[in-house]
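Q: Here is a sequence with its predicted model. Questions after.
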Amino acid sequence: MGSYGNIDALINELESVEENWSSTFRAIYEHQDQENLLAKLDARIRFHTREIEKLCASHLPGFMESVKQVQDVKEALISLKDEVMIVQNESLGTLISLKAKTEEFEELNRYRQNLKTLVELLEKCLPAFDVHQNLQKDISKKDYYIALRKIDELNEKILPSLINFFFIQKLKDSLPDASEKIKEGSLEDLRLFLEEARVVSKDIGKAAIQMVQYLGEDNPFGEEDDEEVSPEAYVSFIPVYKTMHVFKKLNSTDSLVEYYQNQRFQQMKLTLQHPANLHEKPEEFESYCYGIVGFFVTEDHLRRTLPELVTTNFCNELWGLTVKMLNASVTSQVDLMTNSDHLVRIKALLVSFSATMKMYGYDVSELRSVLINASDLYYEILMHKCTHSLRLIFDEDNYQPLEVSSEEEYKKLIDLFPETATAKYPIKYPFSPMVLKIYLLFKEYILECKQFVQDMSLSRRELAEGISKAVTLLIDRSLSGCFSDLLKSNLSILQVIQLSINIVHLEESMKALEAYIRDLNNIQEGAQSVKLHGTLVFKDLLSEAESQIYERLKSKIDEFFELSAYDWTLSEPSGQPSGFVSDLRFFLNSTFSAFGIADLRVSVAQEACYSACKHVSDNFLERLLSDDVKAVSQSALQQINLDLMQCEQFAASAPVHGFQDGDFLICFAELRQLLDVCLAGDWTNYFKDYGKETSKYKDVKPETCVVLMEKLREGEKKSMLVSMKKTERDKKKIIETVLKQLRQLVNTQS
C-alpha cells in the first residue's frame, strides 16, 4: 500500500509543479515499481483525456467563437511569433547554461544532505554500541540479570529506531548468542551451587538432627517445631535466585525447572547409595542419614523461597523415592548387625531422622517398618545374649531348693512371693536359684526392650504387645531350647526333678512378668490385658522333664540289672536276695523319699513309681525269657522269686503319696503269677480257671509259660545227667505233660 501511495504522490507532483521538475523526475527514475507507475500514468492520462473531452464538449461553441477570433489575430501573431522566436533563441542559450549550473548545485546540495543524514544516523547508533559494550562487560562480570535488561533495552527501545545498517544487523544477530551465553553461565553457576550443596548437605543434616535432639523433638509422629536450621548458613542460594531471574527473563522457566529437578534426582540417588559396611560402622550410618536430611532441608528452603522451582509435589516425589530406597537399604544393613550397642545408636539416629523429616512436613509413617524391623533385630540380639546367660545360669545352678536368709535377698523375690513378706528367716522355696536368676534376667530383658522402643512413638498398648511378643519369643526359642538341651545332658534324676519343679514355678512367674510389663507401660490390670503366650512351651518342657524322670529311672534300673549275674543252672538257692536287688531297693527308697521331700506333683511321683516298678518287672521277665538263656533250674527260679519278693516289699511300702499299700504290686502281677504257678506246679488250677477273671493266674499267658517251661525242661535234663532218681524222671514227665497242654492251649487260641 505504501508503494501505491508514493506513485500517486509523484503523479500529483508532476501535475501540480510547473517548474523545477528535476527532483520529481529523479524520484521517478529511482522508483523501483516502474510498471505500476506507468500503469498509473496511463490511467491518469485516460482520466484527463475523458475530462478534456468533457471540457471540450462543454466549451466547443465558445471555442469555435474563439477560433474565429484567433484567426482574426493570426496575422498579428505571426508577426509576434517572429519576435518571440528571436527572444526564445536568445533565452534558450541562457537557459541551457543555467540548467547546467542548477544541476551542479543540486548535486552538491544532495551530497551535503546525505552527509548530514549519515552523521545524524550514526549519532543515533552510538547508544546501541555503548549498551552492547556494557552488555559484554556485564556478562564477563556475571551480572546476568543486568545484561539481560540491556538486551531487552536494545531489542525493544534502541535497535527498532535505527536504520538496518550491516553493522546494526550484525549487532542484532549477536544478541541471541549473548542470551545463550548468559543462560549457560547461569546454569554453570547453578551447577556449582548444586555441587557445593551436596558437599555441605551432611553438615546441614547434622545440624538439623542435632537441633531436634536438643529440643527434645524425638517423636517422629508428634507435633512440629517452628525452629529450623537455615541452610543459608552453609551455602549461598544467590546463584539459584539469579538463575531463576535469568530464566524467567528468557521465558525458559520450564527448562530450568526440568534441568534442576533432573539434577536433584541424580544427586538424591547418589546420596542414597551407602557403603557396603554400613552395619559395621555407626558413624558411616550417621553420615548417611545426615546427607539425606541435609538434602531435604535444602529443598525445603527452596520450596519456600522459590516455589516455582521446587514444588511441594516434587519434594514429595523425592521423599517417596527416598523412603522406598531407604527402607530397602537400611533394612538390609540393619539385618546384618550383631552389635546391640551399634543398633541402639542407629535406632536413636533413625528416630531423630524421622523427627527431623516430620518437622519439615514429610510423611514418615512408612519409616515405622524400619524402626520395627530394628526393634525385632534388637530383640534377636538380646535373645542371643540371654541364651548365653541362661546357659551360664544352668551351669552354675546347684539344683537345690533356694533358701533366703536376709531381707536384702528377699527383695529380689518379692514380686514372685509377696505373701512370704512376713515369714521368718531363713525362708525356703521349692525352686532352685536358677528360677530367681531367670526371672531377673527376663526383667532385665523387658527393661532393655522397653528402653529401646520407648521413643518410637508407639501407643502404650503397642509397646506392651511388642515387649510381650519379644518375651514370648524368648521363652519359645531361648528358654525352651536351653531347657531341652539341659534335659538331654547328663543330669541326675534328682536334678531333673528339681528342674521340673523349676519349670512349674517359672511358668507361675510369668504372671509377675506380665504385671511388670503393665507397670512399665502404665497399663492398668484388666484395662488392656498383657499376656505372655508361653503356657504351651512350659507344659511341653514340663512334660519333657517328667518324661526324662521316667526315662532316667528306667536307665538307672537298667544299670542295676546289668550288674546281675544269675546262674541259671543254680543247684541250690542262696537263701537271700541278690546284691544288685538290695542296692536297687535302696536306690528306689532313697529316690522316692526325695520325691516326697521335693515339691513335685503327686501325679508325677506316682507315675514315676509305677513306671519304675513296671520296668523292674519287665527286666526280670526279659532276662528270664531271653533267648540267650537256654536252661533254667528250679533253684535259679527260686532265687528270682527271692529277688522279686524284695521288689514287692518296696512296692507294698507305699513309696509315694496317694496310693494305698499294695497298689503298686499290680506292676509285678504277671511275674509273680508266673513264678507261683511254675514253682508250685499248680497247673491244674491254671488250666481249670484259664480265661476267667477270677483266675489266680489270669495275667500269665500260655505262650510265656511255654517258653519258661522249655527252659525248665532243659534245666532238668542237665540235673538228670547227675541224678537218675525216679523223682527227677517224674518231674520230667510232668513238665512234658504241662508243655503239651500249654501248646494245645496256644494252638486253640490261634
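A: Cool, got the structure. For clarity, every value in this text was computed on a predicted model and none was experimentally measured.

Q: average pLDDT across stretch 532-547?
A: For stretch 532-547, mean pLDDT is 82.

Q: The closest residue to Lys124 other than its chain neighbours: how many residues sit nearby?
A: The spatially closest residue to Lys124, leaving aside those adjacent along the chain, is Leu162, at 6.0 Å (CB to CB, 6 or more residues apart in numbering). To be clear about C-beta, it is placed using only N, CA and C from the backbone, and glycine gets the same treatment. Per other CB atoms under 10 Å, the neighbour tally for Leu162 reads 18.

Q: got the contact list for Leu162?
A: Leu121, Lys124, Cys125, Ala128, Ile168 (CB atoms under 8 Å, 6 or more residues apart in numbering).

Q: Ok, Tyr550 next?
A: Neighbour list for Tyr550: Glu607, Ala608, Ser611, Ala612 [criterion: CB under 8 Å, 6+ apart].

Q: Need the per-residue pLDDT for the last one.
A: According to the per-residue confidence, Ala612 scores 88 in pLDDT.

Q: Do I have it right that it meets Ser555?
A: No - at 11.0 Å, Ala612 does not count as touching Ser555 under the criterion of CB atoms under 8 Å.

Q: Select the longest helix from the protein.
A: Counting residues, the longest helix found in the chain (DSSP state H) is helix 74-140.

Q: So which bits of the helix or strand containing Val330 are buried?
A: Assigned by DSSP states H and E, Val330 falls within helix 312-334. Buried residues in helix 312-334, counted by 16 or more other CB atoms under 10 Å: 314-315, 318-319, 322-323, 325-327, 329-330, 333-334.

Q: just to revisit the earlier point, give me the buried entries from the contacts of Leu162.
A: Using 16+ other CB under 10 Å as the burial test, the contacts of Leu162 include Cys125, Ala128, Ile168 as buried.

Q: list the contacts for the closest residue to the second one other than its chain neighbours?
A: The shortest distance from Ala128 to any residue that is not its chain neighbour, by CB to CB, 6+ apart, is 4.8 Å, and that residue is Ile158. Under the criterion of CB under 8 Å, 6+ apart, the contact partners of Ile158 comprise Pro127, Ala128, Val131.

Q: related to what we said a few turns ago, save the contacts of Tyr550 as a markdown table, and put in distance to Asp8, secondary structure and neighbour count too.
A: Listed next are the contacts of Tyr550 as a markdown table, based on distance: CB to CB, whole Å; DSSP: H, G, I helix; E, B strand; the rest coil; neighbours: other CB atoms under 10 Å:
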| residue | distance to Asp8 | secondary structure | neighbour count |
| --- | --- | --- | --- |
| Glu607 | 136 | helix | 16 |
| Ala608 | 138 | helix | 24 |
| Ser611 | 138 | helix | 18 |
| Ala612 | 142 | helix | 27 |
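
Q: With distance to Gly62 as added columns, please give these in TSV.
A: Below are those laid out as TSV (distance: CB to CB, whole Å):
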residue	distance to Gly62
Glu607	166
Ala608	168
Ser611	169
Ala612	173
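
Q: Which two of those residues have the greatest separation?
A: Glu607 and Ala612 (9.5 Å; CB to CB).

Q: pretty sure Arg391 is touching Gly481, no?
A: No - counting by CB under 8 Å, Arg391 does not reach Gly481; the two are 9.8 Å apart.
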